[in-house]
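> my questions are about this predicted structure, shown below with the sequence.
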Amino acid sequence: MLPASIQITGEMLSAAEVQDICESLKEDGVRLLSVRGCQLSDRDFGRVCRSVAESRSLAQLNLNLGVVSSIGRTRHLADALKTNRSLQTLFLHGSPLLDAGLVTLNPALSTHPSLVCLDLGDCMLGDEALGLICGMLPPDGAKSGLRELTLSANPGISSKGWARLSIAVAHSSQLRVLNLDYNPLGDQIAGMLAVAVASSRTLEVLDLEGTGLTNQSAQVFLDMVENYPTSLRVLVLAENDISPELQQQIGDLLSEGEDDDDREALPLVPDPASITAFQQIRDKYHPIRDKYQLPAWLPHSNSSTQAVLLTSGLDHLMACTQSHAPHGSM
């Protein structure tokens, strides 16, 4: 039997439902577990985490929208990640982790042998947390690190913190997707990020939507993609004070560069030829209403190759994994 996808959103989970989830995890019958925005007792959360620790099939775990709501739950999750070896994608968007939560999770996250995609959007993080995250982006020649990182809507991070991240991105040997949307970055930080993008040999997608940029930043990125070789394929600049003409110029140049690029690269399905194509990769964070779903890295059994899945819905994800949900209400 192929592993199933368990997907529940915004419900109160009963002890019986939690028991079903735990049994499926322990039997290696779950590949994707999403309890996005769900409510469950601290005791039941601990039970789920212990089952995650035992699972050898779980590849993607979605705890978005406040499921990890306390430092106690953060400790349970950290303990699970120390033992689990299969997880490749972890979503914690909208969890009030704070720096203390990241300090608790860091030993498990930084040493996990399979984790390649991490979403820490809207987690109330600051510079201390960002310093730890930079350690998950090891430089060339070091151990494998994250391939996709989401830090959307963490306004507590300072300019110094973003500068440190820019340096880590420039030297990361793995990072391909970086989502920084809805952070108050401004033109100065954007300039640092442009240097990082120019230096990186792997970064293909950079999301800077709603980050307080102006035409000044756009001109820097335009000069970069026009005059220097770069791995960048998609740059999102929507909801900034940037002229449509500049955005179009950048998009056109990135598309041309992609057509001319014969290097071996991460497969994209379908190939994003413009800035707007990135909208299909993930349902983006919105400051008023959350639209964050499951994007990104879809692990393949019996293969170390990763692929970006361009989908906006879980049904398509289930079809791609050829899995089934054991609970009819999901």
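Looks like it came in fine. These numbers come from a predicted model, not from an experiment. Numbers count the residues shown, from 1 in each chain.
> what packs against the helix ranked longest in the chain?
As assigned by DSSP state H, the longest helix anywhere in the chain is helix 244-260. Based on contacts counted as 3 or more C-beta pairs under 8 Å, 6 or more residues apart in numbering; DSSP states H and E, the elements that helix 244-260 packs against are helix 215-227, strand 234-236. No exception for glycine: its C-beta is placed from N, CA and C like everyone else's.
> to M124, which of the ones you listed lies closest?
For M124, the closest of these is strand 234-236, at 23.1 Å, according to C-beta to C-beta.
> buried set for stretch 8-24?
Neighbour-count burial for stretch 8-24, counted by 16 or more other C-beta atoms under 10 Å, picks out I8, L13, E17, V18, I21, C22, S24.
> measure it end to end?
Terminal residues of stretch 8-24 are spaced 15 Å apart (C-alpha to C-alpha, to the nearest Å).
> what's it in contact with?
Stretch 8-24 has contacts (C-beta atoms under 8 Å, 6 or more residues apart in numbering) with 4, 6, 30, 33-41, 44, 47-48, 50-51, 65, 326-327, 329-330.
> return the subset of the residues you listed lying in helices.
Short answer: the contacts of stretch 8-24 in helices (DSSP H) are D44, R47, V48, R50, S51.
> how close does the nearest residue to the second one once chain neighbours are set aside sit to S57?
Just to be clear, that refers to R47. Excluding the flanking residues, the one nearest R47 by C-beta to C-beta, 6 or more residues apart in numbering is C22, at 5.4 Å. As for C22, its distance to S57 is 14 Å (criterion: C-beta to C-beta, to the nearest Å).
> before we move on, what about A163?
Distance check for A163 against S57: by C-beta to C-beta, it reads 40 Å.
> the two: who's more crowded?
Neighbour count, other C-beta atoms under 10 Å: between A163 and S57, S57 has more, with 17 against 14.
> which non-adjacent residue is nearest that one?
The shortest distance from S57 to any non-neighbouring residue, by C-beta to C-beta, 6+ apart, is to D28 (4.0 Å).
> the one you found touches S51, doesn't it?
No - D28 is not in contact with S51 according to C-beta atoms under 8 Å; the separation is 10.6 Å.
> between the two, who's got more neighbours?
Between D28 and S51, counting by other C-beta under 10 Å, S51 is the more crowded of the two (23 against 15).
> thinking again about what came up before, return the most buried member of the helices and strands packed on helix 244-260.
Highest mean neighbour count among the helices and strands packed on helix 244-260 (mean count of other C-beta atoms under 10 Å): strand 234-236, with a mean of 25.
> for that one, give the mean pLDDT please.
What strand 234-236 shows for mean pLDDT is 96.
> roughly how far is it from the heart of the chain?
Relative to the centre of its chain, strand 234-236 is centred 15 Å away, using C-alpha atoms, centre = their mean, to the nearest Å.
> now for the helices and strands packed on helix 244-260, which one comes closest to L102?
Of all the helices and strands packed on helix 244-260, strand 234-236 sits nearest to L102, with 25.1 Å by C-beta to C-beta.
> what are the pairing partners of that closest one, and which direction each?
Sheet partners assigned to strand 234-236 using DSSP bridges are listed as strand 205-207 (parallel).
> now the strands for this structure?
Using DSSP state E, the strands of the chain run over 4-9, 30-36, 60-62, 89-91, 117-119, 148-150, 177-179, 205-207, 234-236, 268-269, 308-309.
> name the nearest residue to L97, sequence neighbours excluded.
Here the residue nearest L97, using C-beta to C-beta, 6+ apart, is C123, at 4.3 Å.
> ok, that neighbour to T230 distance?
In this view, C123 and T230 are 29 Å apart by C-beta to C-beta.
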